[in-house]
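Here's my sequence, what's the structure:
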Amino acid sequence: MPGGRKHTKTEMEGVLAKVAQLDRQGCNQFQIAAAVGVTQPCVCQYLKKIRERYAETTLRERGELVAEKLAQYRDALRELHEAWEGAKKDAVTVEVEEVPVEDCAVCGGSGERPEKKVGKRVTPAGPCGACNGKGQIGGVTKIVTTIENRLPAAAYFGLILRILKAERELLGLDAPKVDKEPVTSDNWHVLLDYVPPGPVPDEVEERIYSSGSTPSPDEAVTARPA
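Here you go, the predicted model:
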């Protein structure tokens with residue numbers, strides 16, 4: 001304050017808030033000075049401090065957003081790697097097949113084996129060996145397991161590469177790209193933009209001439225007698 005006491009820290013924050021509000025409303029520095037009760041140079045310093053705070057806040061918020069995006073990229077990348085590893089495992093297929101129940105063809109469904117005489121050998125009657133005396137066969141659950149080797153899906157790898165590219169762009173790790181205009185018969189002059197000015201130095205010649213044993217072409221022309 002001109003000709004008065006200095007603002008306390010709390011009062012200064014209130015003044016800065018008022019100055020920032022008037023500045024956002026489009027008031028010029030003289031109008032702000034009249035409204036706040038300070039000089040125009042003071043308003044200039046206040047606005048400089050306010051804009052520095054804006055810049056610090058913007059950088060801090062951007063850093064927080066970058067960190068949040070990086071965390072999201074890392075989470076997605078971890079899940080993709082887990083899916084990638086899972087896709088490389090062998091595929092196991094289990095098929096369950098029920099065998100239908102049928103009458104035993106040996107005993108005709110009776111479950112008994114009749115007496116059988118072959119020469120002098122007599123086989124007494126008893127339970128049928130084909131169906132174990134049950135008279136029926138089948139009703140058994142048949143399980144077929146198939147193991148197939150497979151390659152991981154290429155889609156996982158493509159998504160991983162896209163996330164890595166997005167992370168590089170977010171951190172600015174890639175060199176900036178230079179878009180060159182394609183050369184045609186109408187704009188051949190753009191080639192001149194890529195030609196360095198003056199002679200291109202030759203490293204081998206520079207080493208030879210720097211040794212002092214051989215004069216450079218310019219020195220040889222200078223030393224030539226008239």
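
contacts and neighbour counts: CA atoms only from here.
OK.

Please identify the helix or strand for residue 73.
Element membership of residue 73, judged by DSSP states H and E, is helix 40-87.

helices and strands around the helix or strand following that helix, which ones?
Next helix or strand after helix 40-87 toward the C-terminus (DSSP H and E): strand 91-98. If you count contacts as 3 or more Cα pairs under 8 Å, 6 or more residues apart in numbering; DSSP states H and E, strand 91-98 packs onto strand 141-148.

What is the helix or strand following the strand it packs on packed up against?
Per DSSP H and E, the first helix or strand lying C-terminal to strand 141-148 is helix 154-171. Counting contacts by 3+ Cα pairs under 8 Å, 6+ apart, helix 154-171 packs against helix 40-87.

angle of the helix it packs on against helix 154-171?
160 degrees (axes from the mean of the first three to the mean of the last three Cα atoms, to 10 degrees).

Only alpha carbons, please: show stretch 10-29 as PDB.
Taking C-alpha atoms only, stretch 10-29 is exported to PDB below (Å, rounded to 0.1, in the frame of the first residue of the first chain):
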ATOM      1  CA  THR A  10      -3.300 -13.200   4.800                       C
ATOM      2  CA  GLU A  11      -4.200  -9.700   3.500                       C
ATOM      3  CA  MET A  12      -1.700 -10.100   0.600                       C
ATOM      4  CA  GLU A  13      -3.400 -13.400  -0.400                       C
ATOM      5  CA  GLY A  14      -6.700 -11.600  -0.400                       C
ATOM      6  CA  VAL A  15      -5.300  -8.800  -2.600                       C
ATOM      7  CA  LEU A  16      -3.800 -11.300  -5.000                       C
ATOM      8  CA  ALA A  17      -7.100 -13.100  -5.300                       C
ATOM      9  CA  LYS A  18      -8.900  -9.800  -6.000                       C
ATOM     10  CA  VAL A  19      -6.300  -8.800  -8.600                       C
ATOM     11  CA  ALA A  20      -6.600 -12.200 -10.300                       C
ATOM     12  CA  GLN A  21     -10.400 -11.900 -10.400                       C
ATOM     13  CA  LEU A  22     -10.300  -8.400 -11.900                       C
ATOM     14  CA  ASP A  23      -7.600  -9.500 -14.400                       C
ATOM     15  CA  ARG A  24      -9.800 -12.400 -15.500                       C
ATOM     16  CA  GLN A  25     -12.700 -10.000 -15.900                       C
ATOM     17  CA  GLY A  26     -10.600  -8.000 -18.500                       C
ATOM     18  CA  CYS A  27      -9.700  -5.000 -16.400                       C
ATOM     19  CA  ASN A  28      -6.400  -3.200 -17.200                       C
ATOM     20  CA  GLN A  29      -3.700  -2.500 -14.600                       C
END
